[in-house]
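Novice: Build me a model:
(chains A and B)
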Amino acid sequence: MIETVRTRFAPSPTGYLHIGGARTALFNYLLAKRLGGKFLLRIEDTDRTRNIAGAEQKLLDDLRWLGLQWDEGPQVGGPAGPYCQSQRLERYAEHARRLLDEGLAYYAFETRAELDAMRTAARQSGERGFRYPRPKSFPAEADAQKARDAGRPAVLRFKMPERDFVIHDQILGDVDVAASELSDFVIVKNDGWPTYHFAVVVDDFHMKITHVLRGQEHLLNSANHMALQEAFGYPTPAYAHLPIIFTMKGGKMSKREKDTVVRDAVKTSGLADDQAMELAGLIDADSYAAWKKSKTQLEAESLQRLASGLGVALPEIDIHDFRKSGYLPEVLVNFIALLGWSPGDDREKMTLSELCELFGVERVGKKSARFDRDKLLSFNTTALEAASTERKLAAFRDYLSVNEAGPLTGLDDALLERLMKLCAGFRTFSDIVTKCAALFAPDESLQYDPKAVKKWLLKGERPGLKVLGELRQALQGLDDWSPQNLDTFIRAFAEQRELGLGKVAQPLRVATTGTTISPQISDTLALLGRERTLARIDRALKQIVAS
RNA sequence: GCCCCCAUCGUCUAGAGGCCUAGGACACCGGCUUUUCAUGCCGGCGACAGGGGUUCGACUCCCCUUGGGGGCGCCA
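Specialist: Okay, here's the model as predicted:
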């Protein structure tokens, strides 16, 4: 009988799904679909200190948003559940018991500080990395209790076989791991919870996982896992270690990139420390100093506050970031698929179902892939252009739903559709917002971009202001406020004064939107309506002349 | 420091010894379209890291060097 292919994605609930995780999830999903198997989702929440409330739900939402629905896992169930490791503790305990009874695991009582000291010493003196010194004889159960009573930690370590391992990797080929590189690693923590290495082996077996696709940073871990599988008599799944995703600068793409961007912005802005701290809403000068020296990361909210205070945009890292920026999920899926994989020809644009047909581990490369935001943007632009109105409308609504309420939030479908038409060529939904938000904001809140005002209204002899005044008068007499008529009117006006259209449109645009960016001017005015257009021009005339 | 992985245009990649004068996409540069922004269209620039082998022949195979990256947790 041919074994059913079963893959899994096993994130830990520490935040939103990020690009690297999404790629891993996607490849596992594709492999399962390609081979007619099942894709499972498992939550690895064995680190109680790192678990973040609500993160699991976010993870699931992001996965679903991408269209990567799991066949078994949280919220859908399945025969191998529960699918949260925190709900499978008895199983790990049984397995630990088994190893302990067979003399394949033993208690260890070092504190973290002691271990740190041992590691430092090992790294300084020896050429080898640190290996935990296995005791001649293993402590008894009673010793563990004694240690705990004395306030010492008690963990369980696995007795690593003294031999080399060969990882048969479907992407990298055979990778040798020397015995000297392996050590008696911890399988049960002091709090009684399993470590990742331990839980993953137990669960992958009981969930009948046949293929494990994960990031290359896990490569050497596989030896640990194989040793454990051997100890339990469990088969080793097929391994495939995916190339790491880099930032354009090189180096693993991680949330840290956000810190880097803001840190650099703080430095170039020359902002004083106390001002920066106030912006970020921080009170602890020491932790701020540590952050500034790249030693720590700021928590998301402070980072966001600091970034917007400095007027810099945080780079998108999490899938949710891209969603908020107005990317299409199908584009993200398409683009992420190309990070380390290619169909083998010049084809680049593919839907999820096409990917399901085409995907294969054989075509996954070994080289790490840089995440090229420009190319993603281009993909999004093209896809948006090609998408049906219904699709775009739904996506636009989704975009608005994940962004804080703005001027466009309450608009009806007809209006949103109209905006998309007027903004043809937009690259993300955010483009539409930047282009149209001013039109739906209250007149009083209008901000004038000083540069735009200077260039189009105040420069030289102020021809712009003069034109605007004349325009105001002429517009006053115009009753048919349709875009067509406005267009005719503006063209005629320009022709009459022998002015280029820009000389007419730009002063109008600045006066009515405060910026040089908006839909075509006739549409801009039509959208605004007669009264508001005139009111805005009056307001501009008054404010700018006064300045 | 030690171990492991990787190496084709700036970036993602095609290339499985002769198909390569190395193809595509993004970026970039130039031009066109244009009332702003953004699209769109046309054209251009642009790579086999270096050195040794193997072979009639190497981008493709082997070795070394160099460069890049990852791992070395009671994180996953």
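
Novice: So which residues of the stretch 51-200 of chain A form strands?
Specialist: A:105-108, A:155-158, A:165-169, A:173-177, A:186-188 (DSSP state E, counting those that start in this stretch).

Novice: right, and the ones you listed - which one's nearest A:Lys136?
Specialist: strand A:105-108 (11.0 Å; CB to CB). (C-beta placed from N, C-alpha, C; glycine too.)

Novice: now what about that closest one, what contacts it?
Specialist: Outside strand A:105-108, the residues within contact range by CB atoms under 8 Å, 6 or more residues apart in numbering are A:96, A:99-100, A:132, A:134-135, A:138-139, A:141, A:143-144, A:147, A:154-159, A:184, A:186-188.

Novice: remind me which residues of chain A are low pLDDT?
Specialist: For chain A, the stretches flagged by pLDDT under 70 are A:1-2, A:126-128, A:546-547.

Novice: Name the residues of stretch A:5-12 that are buried.
Specialist: Neighbour counts over stretch A:5-12 (16 or more other CB atoms under 10 Å) mark A:5-12 as buried.

Novice: For RNA strand B, state which of those residues is nearest.
Specialist: Nearest to RNA strand B out of those is A:Ser12 (CB to the nearest atom of the strand; 3.9 Å).

Novice: how near is that closest one to A:Cys84?
Specialist: A:Ser12 sits 11 Å away from A:Cys84, going by CB to CB, to the nearest Å.

Novice: and for those two, which residues touch both?
Specialist: A:43, A:45.

Novice: Mind giving me the PyMOL command for buried ones among the contacts of strand A:105-108?
Specialist: Restricted to buried positions by 16+ other CB under 10 Å, the PyMOL selection for the contacts of strand A:105-108 reads:
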select buried, chain A and resi 96+99+100+132+144+147+154+155+156+157+158+159+184+186+187+188
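
Novice: quick revisit: any idea which of the strands of the stretch 51-200 of chain A gets closest to A:Ile319?
Specialist: So among the strands of the stretch 51-200 of chain A, strand A:165-169 is nearest, using CB to CB, at 26.8 Å.

Novice: which helices and strands sit right next to the closest one?
Specialist: With contacts taken as 3 or more CB pairs under 8 Å, 6 or more residues apart in numbering; DSSP states H and E, strand A:165-169 sits against strand A:173-177, helix A:221-232, strand A:238-242.

Novice: Can you say which of those is packed in most?
Specialist: When the helices and strands packed on strand A:165-169 are scored by mean count of other CB atoms under 10 Å, the highest mean neighbour count falls to strand A:238-242 (a mean of 22).

Novice: one step back: would you format the helices and strands packed on strand A:165-169 as TSV with distance to RNA strand B included?
Specialist: Shown next, in TSV, are the helices and strands packed on strand A:165-169 (distance: least, CB to the nearest atom of the strand, whole Å):
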stretch	distance to RNA strand B
strand A:173-177	4
helix A:221-232	5
strand A:238-242	8
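
Novice: Excluding chain neighbours, what is closest to A:Leu220?
Specialist: A:Val177 (6.3 Å; CB to CB, 6 or more residues apart in numbering).

Novice: Okay, and the beta partners of that neighbour?
Specialist: A:Phe165 (DSSP bridges).

Novice: for the stretch 401-547 of chain A, what spans make up the strands?
Specialist: Under DSSP E, counting those that start in this stretch, the stretch 401-547 of chain A gives no strands.

Novice: who in it is up against RNA strand B?
Specialist: A:423-427, A:431, A:435, A:487, A:490, A:500-502, A:505-506, A:509, A:516-522 (CB under 7 Å from any atom of the strand).

Novice: what residues are up against the closest residue to A:Gly73 other than its chain neighbours?
Specialist: Setting aside the residues directly before and after it, A:Gly73 is nearest to A:Leu41 in space (CB to CB, 6+ apart), at 3.1 Å. Contacts for A:Leu41 (CB under 8 Å, 6+ apart) come out as A:8-10, A:60, A:63, A:70, A:72-74, A:83.

Novice: Scan the residues you listed and report the most crowded one.
Specialist: A:Arg8 (30 neighbours; other CB atoms under 10 Å).

Novice: Secondary structure element holding it?
Specialist: Assigned by DSSP states H and E, A:Arg8 belongs to strand A:6-9.

Novice: Near RNA strand B, which residues of the stretch 51-200 of chain A? Just list them.
Specialist: A:110-112, A:115, A:119, A:123, A:127-130, A:153, A:155, A:172-173, A:175-178, A:181, A:185-186, A:189-191, A:193, A:195-197.

Novice: Got a ChimeraX select line for the buried ones in these?
Specialist: Buried members of those, defined by 16+ other CB under 10 Å, are picked up in ChimeraX with:
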select /A:110,115,153,155,172,175,177,185,186,189,190,193,195,196,197
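
Novice: quick one, strands of the stretch 201-350 of chain A?
Specialist: A:211-215, A:238-242, A:245-246.

Novice: I'd like those laid out as CSV, including distance to A:Glu301.
Specialist: Below are these laid out as CSV (distance: least, CB to CB, whole Å):
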stretch, distance to A:Glu301
strand A:211-215, 28
strand A:238-242, 32
strand A:245-246, 26
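
Novice: Pull the number of nearby residues for A:Glu495.
Specialist: 11.

Novice: how near is it to A:Phe489?
Specialist: Applying CB to CB to A:Glu495 and A:Phe489 gives a distance of 11 Å.

Novice: before we move on, what about A:Ser430?
Specialist: 32 Å.

Novice: quick one, which of those two is more surrounded?
Specialist: A:Phe489 (19 against 16).

Novice: Might you report the residue contacts of A:Gln506?
Specialist: A:Gln506 touches A:455-456, A:464, A:516, counting by CB under 8 Å, 6+ apart.
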